[in-house]
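In: How does the following fold in three dimensions:
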Amino acid sequence: MANYTSAELVAVAASRELEDKKTVFVGAGMPLISAALAQKTHAPSLTIIFEGGAVAPLIHRTMLPYSTNETRAARLAIMVTSPSDLFGLQQRGYIDYGFLGGAQIDKYGNINTSVIGDYDQPKVRLPGSGGANDIASCCTKTIIATHHEKRRFVEKLDFLTSPGYIRGEKSRERAGIIFGKPDKLVSHLCVMDYDQEKRLMRVKKLHPGVSIDTVLENTGFRPLIAEKLETTTPPTEEELKILRTLDPEGLYVPHA
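Out: Predicted structure coming up:
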């Protein structure tokens, strides 16, 4: 059996959620690596879009861009335009997937990347939205990739930066966000989706060797649990080989 780290498992599991011949809006780090991995494995016609303006670049195996605004992020792109043009495409429904992370996530898929603690006197001031609110509001499906721990999976956010299902049920639509939806969350413990009536986070798959009790112990709210829990297929040797070639120094995804 292949040896892999929890970060490698998240990168591989997240990449598998991306379908061929779709478009994905990605940032640096884990989203970029997962999208590049998908492009090099099961989704060769996946269109990657970077906030810096590159549309449909082909990521070189040994030349992973460390920023969405550098030359390597535009390798063989069909177009390099402005961020405002890309967000305009997104608002018109042309982006299938958005990839996000977050300091805090609640049971409705809402994300906080702004502050920890009181807004005026926070314990930690975070980077803020950037394009995350636009992605969460306008991409057809949003995928979250994150480490799984109680301080991240909270009952109540300190600040709502990017909307998920807001307060559940039809509250997203009532807020005027009629397009797009939170789709999956991939952590180092499990894969979650959302119940489409209650709009609550639901444990769908457990990663190898992880129990549902471990997931619940590391979650600050009570998620729903699928009637039939699946088990994530471990990363293959080929997936790990490509992943490690993309990030040979393990800067974003530490190697086993």
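
In: name the element Gly88 belongs to?
Out: helix 83-91 (DSSP states H and E).

In: ok, and for that helix, which residues are buried?
Out: In terms of neighbour count (16 or more other CB atoms under 10 Å), helix 83-91 has its buried residues at Leu86, Phe87, Leu89, Gln90. Yep, even glycine has a C-beta here, placed from its N, CA and C like the rest.

In: Chain neighbours aside, what residue packs nearest to the last one?
Out: Spelled out, that is Gln90. The shortest distance from Gln90 to any non-neighbouring residue, by CB to CB, 6 or more residues apart in numbering, is to Cys138 (4.6 Å).

In: quick one, phi psi at that neighbour?
Out: phi -120, psi -20 (degrees, to the nearest 10).

In: try the one 4 residues further on
Out: Torsion angles at Thr142 (phi, psi; degrees, to the nearest 10) stand at phi -110, psi 130.

In: ranges for the helices of the chain?
Out: Using DSSP state H, the helices of the chain run over 6-16, 30-40, 83-91, 132-138, 171-174, 212-217, 237-246.

In: still on that earlier bit, now render the buried residues of helix 83-91 as JSON lines, adding pLDDT and distance to Ile166.
Out: Output for the buried residues of helix 83-91, formatted as JSON lines (pLDDT from 0 to 100; distance: CB to CB, whole Å):
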{"residue": "Leu86", "pLDDT": "89", "distance to Ile166": "25"}
{"residue": "Phe87", "pLDDT": "89", "distance to Ile166": "21"}
{"residue": "Leu89", "pLDDT": "89", "distance to Ile166": "24"}
{"residue": "Gln90", "pLDDT": "89", "distance to Ile166": "19"}
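
In: what's the most distant pair in these?
Out: Based on CB to CB, the longest span within the buried residues of helix 83-91 runs between Phe87 and Leu89 and measures 7.3 Å.

In: coming back round to it: who wins for proximity to Asn69 among the helices of the chain?
Out: Nearest of the helices of the chain (CB to CB): helix 83-91, 9.5 Å.

In: so what secondary structure elements neighbour that closest one?
Out: Counting contacts by 3 or more CB pairs under 8 Å, 6 or more residues apart in numbering; DSSP states H and E, helix 83-91 is packed against helix 132-138.
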